[in-house]
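Participant: coords below, sequence missing:
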């Protein structure tokens, strides 16, 4: 879902259109030792790679996001990429200076979005000629990172000026910094954290539950027949609500009815406006998604711990990058600043440069990390000008 | 669920055991004009009704609660009623002074709890000899209140010194004060509000969704065959999580595994400790619950607006009682103090006495309104000594 006000075409007039590309990797061995053949992910970039190849900023996407962080694929696209407010010529992440690159993750959930290229349970297993279903290996943020690493290797990129992302994008940024400490100079982590804690692990379980309840899910074997759209829609309703907050939802819907002539008190079929809207937006999103991919994403998020070692401290101790933490005060997914404050202290205790801003405010809760990221623009620009490590 | 530390039997030693009674009403006409025959609800009381019958405090229960607000039914009950910390001899709601009465609501969800007596979709429709299922009329907080009113009428009680309750109990307390303004002298509303707003209406939709997804639900016709236990269990998992908060959940479970020998990274069947606990607690709760009752409770909550008129202001304008608002700062269900602050202003603007306390703090979020209600004990005692209206 995007609640970003539709940008006018004038905003991107004169800018090059974004081209979606495909990166192929003959095989990838997962963190836990499984082999995935014929990995393909989509990617895109903004700005120009310099000769020294040292002006690269990798942007990593959120749970329900894609590589499309900025710009437009076509002049008449209704919306630009999700962080367009801070990525572009003269913007906080200035594409006149930086080469910004972004890829679809493994098991990206938007399998049916024609602009998305990913590999996951809906992909054909070359060994069987059939979709993997739940036989696809469990993957982790480290696997997302390692496939991105292979993409960067293919472009001859050996240094990352920064890795930046919101929410699940932050998890990838921390994982990058812990997995390849000599390669990552800066981390920009918005509305995210360095680990998933018990409360979020529990909530992620609830996000996934409706899919498993849908009889069409059939233990993940539904390809070529009726798909678990109902369960997937309910799952996306939960994600949508948790990414939001009271002020926008109450202001937008109040106690209005979905249909003026159908009193919710008269029938279980009659709904409030907020219920109708949730159904509508989740149905639209479900049409682009694959239910098994959603389950794999949930698992990858639950498993996340920076460095994938025994403790988060062990992972953070590997990091050499300087870190910018960006909090949204009313965030229900990563409740900040409480957790980010503790994280800041842990990073600073290791002698790392850590900057922290709570500049993001708004009516959207977690989603302010997308919709109102421009409010952190100055903090981001300043951080990018400061020394690394 | 209760996270209240188990009281020792010594706490209630010498106190009379609580006796659960049944109130029958030949018929009840709902707010929306439907007739329900042969209504039965359970009730209990603590303390002694005085001769003037003017020392009555009605306690109204929360969404998943029952009439059991205080004391024990049997000497070896592991836990006393949910608000035992503030109801009893010498406690904030002093049963040496007050006659405290509490009843099960209509459509109480704990149908299979042998101590609960309620009327709802699992009840037998006298006209057909079959369970109502989804043919039971939609009911509202006003209906809960009106059945309680009939119970009080049967006891000759014409004044309520106070109506007090947590969460959905607060909704009933406000409804009482708006429906019977000359009868209700004081309202004690903890972790609740005077209306359900869009965000909570949306969340309630998500609470109900898993039940409808369960094929055993079968549009509510499942009596006498396999019940939608899986869906009900998932619904109760959502309720459980939303009633809690990070500090307790994280402190209790961290990133531990449900089974030390089963790494969650190795299989979708292997879970984190918090997931195992959620499943366990929700399974235990589901065994006492009816899925249709859960759906009717969700509907009654979504429909709630004090006075059930056009606006909340219209309902609040009817109230003559003085009001004590009790907030839990980290509440995810009724996010206080933000909403309670606005409510306080609305009530004060009508010339009502309004007291407000944010004394409840703890690690449990919404549930601190149960587990840590003792922290508001002084505020409650003071409020009960102050003049009404």
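Facilitator: That came through, no problem. Bear in mind that the values here come from a model prediction, so they are computed numbers and not experimental data.

Participant: just the helices in the stretch 101-250 of chain A please.
Facilitator: A:141-154, A:168-179, A:198-213, A:229-242, A:246-253 (DSSP state H, counting those that start in this stretch).

Participant: deepest-packed of these, please.
Facilitator: Compared across the helices of the stretch 101-250 of chain A, helix A:168-179 shows the largest average neighbour count, a mean of 29 (mean count of other CB atoms under 10 Å in any protein chain shown). For the C-beta atoms, the positions are set from N, CA and C on the backbone; glycine is no exception.

Participant: quick revisit: between the helices of the stretch 101-250 of chain A, which one is nearest to residue B:80?
Facilitator: Ranking the helices of the stretch 101-250 of chain A by their distance to residue B:80 (criterion: CB to CB) puts helix A:198-213 first, at 28.0 Å.

Participant: angle of that closest one against helix A:229-242?
Facilitator: Angle between the axes of helix A:198-213 and helix A:229-242 is 160 degrees (criterion: axes from the mean of the first three to the mean of the last three CA atoms, to 10 degrees).

Participant: tell me what angle helix A:198-213 forms with helix B:246-253.
Facilitator: 80 degrees.

Participant: who are the contact partners of residue A:56?
Facilitator: The contact partners of residue A:56, by CB atoms under 8 Å, 6 or more residues apart in numbering or on different chains, come to A:49, A:98, A:99, A:100, A:101, A:152, A:157, A:159, A:160, A:161.

Participant: one more: residue A:106?
Facilitator: The contact partners of residue A:106, by CB under 8 Å, 6+ apart, come to A:39, A:41, A:118, A:119, A:120, A:139, A:143, A:144, A:147.

Participant: SS state for the spatially most central residue of chain A?
Facilitator: In chain A, the C-alpha nearest the mean C-alpha coordinate belongs to residue A:62, at 1.0 Å (CA atoms, centre = their mean). Following DSSP: H, G, I helix; E, B strand; the rest coil, the label given to residue A:62 is coil.

Participant: before we move on, the earlier item: wait, which of the helices of the stretch 101-250 of chain A is closest to residue B:244?
Facilitator: helix A:198-213 (7.6 Å).

Participant: pretty sure residue A:381 sits against residue A:97.
Facilitator: No: assessed by CB atoms under 8 Å, residue A:381 is found out of contact with residue A:97, at 10.4 Å.

Participant: now the spatially most distant residue from the centre of chain A: which helix or strand?
Facilitator: For chain A, the residue at maximal distance from the C-alpha centroid (CA atoms, centre = their mean) is residue A:266, at 40.5 Å. For residue A:266, there is no helix or strand it lies in under DSSP states H and E.

Participant: enumerate every residue touching it.
Facilitator: Going by CB under 8 Å, 6+ apart, residue A:266 touches B:32, B:138.

Participant: ok, it to residue A:140 distance?
Facilitator: When CB to CB, to the nearest Å is the yardstick, residue A:266 and residue A:140 sit 49 Å from each other.

Participant: now residue A:115: how far from chain B?
Facilitator: As judged by CB to the nearest CB, to the nearest Å, residue A:115 and chain B stand 29 Å apart.

Participant: was I right to think that residue contacts residue A:18?
Facilitator: No: using CB under 8 Å, residue A:115 and residue A:18 do not qualify as a contacting pair, with a distance of 9.6 Å.

Participant: joint contacts of the two?
Facilitator: A:68, A:73.

Participant: between the two, tell me which one has more neighbours.
Facilitator: residue A:18 (23 against 16; other CB atoms under 10 Å in any protein chain shown).

Participant: the closest residue to that one other than its chain neighbours - how many residues pack around it?
Facilitator: For residue A:18, ignoring the flanking residues on the chain, the nearest one in space by CB to CB, 6 or more residues apart in numbering or on different chains is residue A:71 at 4.0 Å. Around residue A:71 there are 23 other residues, counting by other CB under 10 Å.

Participant: now residue A:71: phi and psi?
Facilitator: phi 70, psi -170 (degrees, to the nearest 10).

Participant: with residue A:272 instead?
Facilitator: Residue A:272 adopts backbone torsions of phi -80, psi 160, taken as degrees, to the nearest 10.

Participant: how near is the residue lying closest to it once chain neighbours are set aside to residue B:305?
Facilitator: In space, and not counting its chain neighbours, residue A:272 is closest to residue B:201: 4.9 Å by CB to CB, 6+ apart. Relative to residue B:305, residue B:201 is positioned 11 Å away (CB to CB).

Participant: for residue A:353, same thing?
Facilitator: Taking CB to CB as the measure, residue A:353 falls 52 Å from residue B:305.

Participant: neighbour count: the two, which is higher?
Facilitator: Between residue A:353 and residue B:305, counted using other CB under 10 Å, residue B:305 has the larger neighbour count: 22 against 16.

Participant: would you mind listing what in the stretch 251-389 of chain A touches chain B?
Facilitator: Within the stretch 251-389 of chain A, the positions near chain B by CB under 8 Å from any CB of the partner chain are A:252-255, A:264-268, A:271-275, A:278, A:295, A:299, A:302-303, A:305, A:332, A:335, A:338-339.

Participant: of those, keep whichever come out buried.
Facilitator: Neighbour-count burial within these applies to A:253, A:255, A:264-265, A:268, A:271-275, A:278, A:295, A:299, A:302-303, A:305, A:332, A:335, A:339; the criterion is 16 or more other CB atoms under 10 Å in any protein chain shown.

Participant: ok, back up a step: looking at the contacts of residue A:56, spot the one nearest chain B.
Facilitator: For these, the residue nearest chain B by CB to the nearest CB is residue A:152; the value is 25.2 Å.

Participant: what about the longest strand along chain A, near chain B?
Facilitator: Ranked by residue count under DSSP state E, the longest strand found in chain A is strand A:35-46. No: Strand A:35-46 stays clear of chain B (CB under 8 Å from any CB), getting no nearer than 15.5 Å.

Participant: good, wrapping up.
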